[in-house]
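Chemist: Okay, predicted coordinates and the sequence, questions at the end:
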Amino acid sequence: MTNLIETPPVAPPAKTLARARPWTSALAPWRAEAAALLTLAWPLAATQLSQMAVMTTDVLMLGRLGKSALASAAIGNTVFYFTWLIGVGPVFALAPMIAQALGGRRRANAEVRRIVRMGLWSVTLLAPPLILVLIFADRILVLAHQDPVLAAGAARFVQMLAIGLPFSLTFQLLRNVSTALGRPRPALWVMGATIVFNAFGDYALIFGHFGAPKLGLLGAGLSTSSSFIFSAVAMAAIMRLTPDLRRRRLLRRMHRPDFAKLAETFRLGMPIGLTMLFEAMLFNVMTLVMGVLGATNLAAHQVALNVASITFMGPLGIAMGATVRVGLAAGAEDWAGVRRAAYTAMGFACVLVTACGAVMAACGPAIAGLYFASGSAEDQAVIVLAASFLKVAAAFQVFDALQVVAALCLRGLKDARAPMVLAGLSYWVAGAPMCIALAFGLRMGGIGVWLGLAFGLFVAALTMVTRFRWLSRPPVRF
């Protein structure tokens, strides 16, 4: 694969451009950017889908145990994802830091090593307190007024996930480093193997096959946690075996601190984590609200959210590629390149989610039916409700794509605090109150929650895109 860091797309020679038609010359940089972005983004999107496939495997197999197991896993994942988002903020800061260092070309390799080293230090510092939160998940869920039976099942599930949390963060760190260095495919290979690893573990430990004990929810958590360990070890091994990554000696002098880089990692990373947390926890807190509305609403919400999350992986992969492309252009102080990278990514993301939304709206009952084995009346009620949620999700796909691409383009500019504030306002001042007002004030139930989510995403898309347009203006020179 072409290394997008070492050999970026080269514009046609000036003589060629002079002979070309004006519109062809104007489009040449956009074509080059589109090619570079797609080369970087498609493995990222495929990797995101592969990560979702691991979670979807859990959901599909737990669905065979009934809606109570599915609802418990939904609640448990809410708690786990909360801790994961806090830990992963500094990890995601590495991609724009590395991209800008490479774009500037100022002692880039030594700079990259320091960034990677301090990223691993951040994981080491954050993992222990986050594991403690997961260990006491049962008490947290009781305080959140969740059904005691569902809370007990969720606690067993999430306590197993605690084992794999540091390894999940480490995999994400190595993946971001490899991507920022122009090598997005190793993570895809690892996640492909992880899907098989987790599916085998789920089948064995949930249902008691191949001589393994039948552990149900506990088995699902243990299998997923083991898959986190597998992915981290496999990613480290592949990076070690990739020549152009190995020659950078990224893990050299791991014991040596660089407190300035560590501080930058947290200064940029914690707002990134909070930005992600504001959005994700809106959806996850609404999962708890659905628990108040009953097991049918909760199970339908989990199915629809899983489907919407799968389709979201495409624009998220494009957005992650845009972070690197914007960071490279910003490091080189190429402001036209910054906007070109961002707008190309927004266009691709919108086209992709429009197609996905059409399928979700047209085939909602059939898609939801894939999550249930029996044709019982209870399952049919969940399928009908999940299909109605999917129609709302189809409508907000474009807003979701625009907000994530704009947010990650801002990340490429190392702009973290303003997106954090915008996310907080969009999701918790606009979105969450609208969810509650529609669900309980207007007695719309679960569909009201989903309409409120759509409103929050619309506000986020509007504010993030506006912020990017303002911040990416070429500087005025006097």
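Modeler: Here it is on my side, so go on.
Chemist: what's next to stretch 93-112, contact-wise?
Modeler: Residues outside stretch 93-112 that contact it (CB atoms under 8 Å, 6 or more residues apart in numbering): 5, 115-116, 119, 173, 176-177, 179-181, 248, 250, 264-265, 268-269, 272, 320, 323-324, 326-332, 411-414, 416. Where you see a C-beta, it was placed from the backbone N, CA and C, and this is true even at glycine.
Chemist: Residue 299 and residue 71 touch, don't they?
Modeler: Yes. Checked against CB atoms under 8 Å, the pair residue 299 and residue 71 is within contact range at 5.6 Å.
Chemist: Name only those of the contacts of stretch 93-112 that count as buried.
Modeler: For the contacts of stretch 93-112, a neighbour count by 16 or more other CB atoms under 10 Å gives the buried set as 5, 115-116, 119, 173, 176-177, 179-181, 248, 250, 264-265, 268-269, 272, 320, 323-324, 326-332, 411-414, 416.
Chemist: from the residues you listed, which ones fall inside strands?
Modeler: If you go by DSSP state E, these have nothing in strands.
Chemist: What does residue 181 show for phi and psi?
Modeler: Here the main-chain torsion angles of residue 181 (degrees, to the nearest 10) amount to phi -90, psi 10.
Chemist: quick one: it from residue 245, how far?
Modeler: Distance from residue 181 to residue 245, counting by CB to CB, to the nearest Å: 6 Å.
Chemist: what do you get for residue 439?
Modeler: Counting by CB to CB - residue 439 and residue 245 are separated by 49 Å.
Chemist: which one of those two has more residues nearby?
Modeler: Per other CB atoms under 10 Å, whichever of residue 439 and residue 245 has more neighbours is residue 439, with 24 against 19.
Chemist: May I have the phi/psi pair for the closest residue to the more buried one other than its chain neighbours?
Modeler: Spatially, and ignoring its direct neighbours in sequence, residue 439 is nearest to residue 448 (3.9 Å; CB to CB, 6 or more residues apart in numbering). When read as degrees, to the nearest 10, the backbone of residue 448 gives phi -70, psi -40.
Chemist: Run a quick neighbour tally on residue 448.
Modeler: When neighbours are defined as other CB under 10 Å, residue 448 has 22 of them.
Chemist: For it, give me its contacts.
Modeler: Counting by CB under 8 Å, 6+ apart, residue 448 touches 435, 437-440, 442.
Chemist: again, only this time at 7 Å
Modeler: 435, 438-439, 442 (CB atoms under 7 Å, 6 or more residues apart in numbering).
Chemist: Then residue 273?
Modeler: Going by CB under 7 Å, 6+ apart, residue 273 touches 85-86, 88-89.
Chemist: The residue nearest to it when sequence neighbours are not counted sits in which helix or strand?
Modeler: Nearest residue to residue 273 in three dimensions, chain neighbours excluded: residue 89, at 2.2 Å (CB to CB, 6+ apart). With secondary structure defined by DSSP states H and E, residue 89 is part of helix 67-104.
Chemist: Name the residues that touch stretch 174-181?
Modeler: Here stretch 174-181 has contacts from 5, 44, 91-92, 94-95, 98-99, 116, 184, 186-187, 235-236, 239, 245, 250, 320, 324, using CB under 7 Å, 6+ apart.
Chemist: Tell me how many other residues crowd residue 215.
Modeler: For residue 215, the neighbour count with other CB under 10 Å is 18.
Chemist: burial measure for the closest residue to it other than its chain neighbours, as a count.
Modeler: The shortest distance from residue 215 to any non-neighbouring residue, by CB to CB, 6+ apart, is to residue 205 (5.1 Å). Neighbour count for residue 205, taken as other CB under 10 Å: 25.
Chemist: swap in the one 5 residues further on?
Modeler: Burial measure for residue 210: 10 neighbouring residues, criterion other CB under 10 Å.
Chemist: One more: residue 358?
Modeler: Residues within reach of residue 358, counting by other CB under 10 Å, total 12.
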